[in-house]
Structures are given as C-alpha cells and as structure tokens.
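Participant: Sequence plus the predicted model coming up.
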Amino acid sequence: MTKTILVTGSCGLVGRRLCASLRSHGVLVKELDLLGDGSHNGDITRTADIECAIQNCVGVVHLAAVSRVVWGQRDPELCWRTNVMAVQNLIQAALAQSTKPWVVFSSSREVYGQALSLPVGEETPLNPLNIYARSKAEGERIFLEARKQGLQTAVVRLSNVYGCTKDHADRVIPAFARAAIQGLPLRVEGSDHTFDFTHVDDVVRAINFLIDALCSRQKFLPPPVHLVTGNQTSLGQLAELSLRLARSGAVITEAAPRSYDVAQFYGDPTRAHTILGWKSEISLETGLSRLINDFSQELKLHRSVEVAA
C-alpha cells in the first residue's frame, strides 16, 4: 500500500530535496508551504490548513518555520507564532486523527546556545540564546510531551545545512560561493567562529532512514538526534576554501560578528549512527565544489539569456 506523508516547508532547502527523494521511492507526498502552488499552498499558522493537509497521512515531516536567527530577531512575534503556536496546532491535528501519524520535528543546533565543551552531544543541556533558538527548544518540548498522549514523535537537530542554489542568498555558504564566482568581496563576520556544515543530501538521507524506522517500528521513540558531520570549520577557513574552489581572486573582508550568534559549534554524530545507521558522506570541500559549479552554470545561463535578449 502506498504511504502518504505530509512535508511542511516543502519549498525550502531540505523540503525540496526530501519531497523529490520520497517520491522517487514511491511515496505519495502532500506538501504544505506558503510558497507552494495550488493544493501545495498553505500556512502552518492556520489551523484549517493543517487539519486539511494531515488527513490520511501515515506521517508528517515538519520543516516549516521561521528558519533563521536573524529573521527571529527582526520579528519575534512571528517567530513564536510560526515555530511554537503552529507546532501546537500540528500536534493537536495529529492527535485528532483516527490513525495517529508519526511526526518528525526539525530543530536546530541553536538550542544549545554556546556550549561549554565541543563536540556537542545531544545530552548537552539546552541554553538557547535568541528567540529563534528558544522557539525551537519549546517546539522540541511540545513534541516530546505529545508522546504522553500516544503520539509517535522524533526530533532531529540540524546544523548549517547547505547544498542548493535555491537556498537563501544571504546565508553564509551561498553568499560566499556567489561572491567568489563573481569576484566580489567575501564579508566574514567573525572569522574565528566555527560551525558544522552539513550537506542537504546527507540530511535527506538521514530523514529517509528515520522515516523507515518510524514506519516499520510502531513503538520507535528515539531521543533527539543530531544530523551533523562531527567536523568544525571556521568562517575564515570557509571563505578561503570558497576562493580556492572557485579559482577566484576576490578579497576577504572581516567584520565584527553579530551579537546574537553562537560562536562555536560542532556536533557529535554518534547517536545518529547508532540509532539510524547513518553518518555524513559528503565532505565540505566536495559539497561546496558542487555548489560553486551549480552557481557557475546558472550564471552562465543567465548571461547567455541576457545576450540573446
């Protein structure tokens, strides 16, 4: 029997790749996204949209969110309404189904704040520093509490996912890649800040493993799990790597880091390997090289269209 799975945030970086991957495996995918077309269009903050979309689904992968720290800082009320109140509505809609679907929540490494030791394991106490991180921590709490009402839930914590040209242009990896290709300055805000950059294809593969486990094991209630590489790269190193891979002569300019950003993070990937049999396969150099090539091809196409016009 064909499985039907709802993916919220289906037009986002992870959502696009996940929907394509699920369909390639014969899954019937329902989508819910503000940017979706036709029946795929919907707002997770509207209860009616969630209640309609979740009908007859065996599971839900909840990716939709105010998904960036800076957006949360600009509009805290929208961040909380989208990342917390909509999560409550989603859980209630799932509990109301005659056959309750499993539900996966996409959280963030931001929930830890500035951890005292690295690498960060999932048992590290949560210490969110900004409204976005607090909203994700509260979303996790809601999801884990829902288990007491009989809902099968799982939480994944993502870290600096990259790997698609459709990503937000001002995120650090797309911004560095585009600037390097075009010979523009690479602005580094906190060159010694280090992060765990994870390729979107690795993340999608892990979520597929998690979905398989949730579908095949009725009482599978995993603890929160990192989808990370276990490697750290500074923003300064990332900028230099971008220039090298793009064969660019662009310059690197340094600026002060933002006050609300975590300065260092890289995660321990052991739990994902133990529970799901997953570990990342795409190195930062390989993933960034692919992305730079994709951006280069898009730029060439854009220029050829301009010439033809």
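Facilitator: Received it, and whenever you're ready, just let me know what you need.

Participant: for residue 3, what are its contacts?
Facilitator: Residues in contact with residue 3 (CB atoms under 8 Å, 6 or more residues apart in numbering) are 26, 27, 28, 58, 59, 215. The way it works is simple: take the backbone N, C-alpha and C, and place the C-beta from them, glycine included.

Participant: Quick check: buried residues in stretch 252-267?
Facilitator: The neighbour-count check on stretch 252-267 (16 or more other CB atoms under 10 Å) flags 252, 257, 261, 262, 264, 265, 266, 267 as buried.

Participant: okay, those residues in CSV with pLDDT and secondary structure next?
Facilitator: Compiled in CSV, the buried residues of stretch 252-267 are given as follows (pLDDT from 0 to 100; DSSP: H, G, I helix; E, B strand; the rest coil):
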residue, pLDDT, secondary structure
252, 98, strand
257, 90, coil
261, 83, coil
262, 89, coil
264, 95, strand
265, 96, coil
266, 97, coil
267, 98, strand
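
Participant: Quickly name whichever of those is closest to residue 136.
Facilitator: Of all the buried residues of stretch 252-267, the one sitting nearest residue 136 is residue 262; the distance, using CB to CB, is 12.6 Å.

Participant: Now the closest one. Its backbone dihedrals?
Facilitator: Summarising the backbone geometry of residue 262 under the convention degrees, to the nearest 10, its torsions are phi -70, psi 140.

Participant: which residues sit in contact with it?
Facilitator: 109, 110, 112, 113, 114, 129.

Participant: how much space is there between the residue nearest to the fifth one when sequence neighbours are not counted and residue 268?
Facilitator: In other words, residue 114. In space, and not counting its chain neighbours, residue 114 is closest to residue 262: 5.4 Å by CB to CB, 6 or more residues apart in numbering. Residue 262 sits 16 Å away from residue 268, going by CB to CB, to the nearest Å.

Participant: List the buried residues of the helix ranked longest in the chain.
Facilitator: Looking across the chain with DSSP state H, the single longest helix is helix 284-308. Applying a neighbour-count criterion of 16+ other CB under 10 Å, the buried positions in helix 284-308 are 284, 287, 288, 289, 290, 291, 292, 295, 296.

Participant: got it, and stretch 105-119?
Facilitator: Within stretch 105-119, the residues that qualify as buried are 105, 106, 107, 108, 109, 110, 111, 112, 113, 115, 119, counting by 16+ other CB under 10 Å.

Participant: Which of the residues you listed scores worst on pLDDT?
Facilitator: Scanning these for pLDDT, the low point is residue 115. It has 90.

Participant: Count the neighbours of the residue lying closest to that residue once chain neighbours are set aside for me.
Facilitator: Using CB to CB, 6+ apart and skipping the chain neighbours, the partner closest in space to residue 115 is residue 124 (5.6 Å). Counted with other CB atoms under 10 Å, the neighbours of residue 124 add up to 17.

Participant: What of residue 227?
Facilitator: 29.

Participant: do you know how far it is from residue 60?
Facilitator: Plainly put, residue 227 is 18 Å away from residue 60 if you go by CB to CB.
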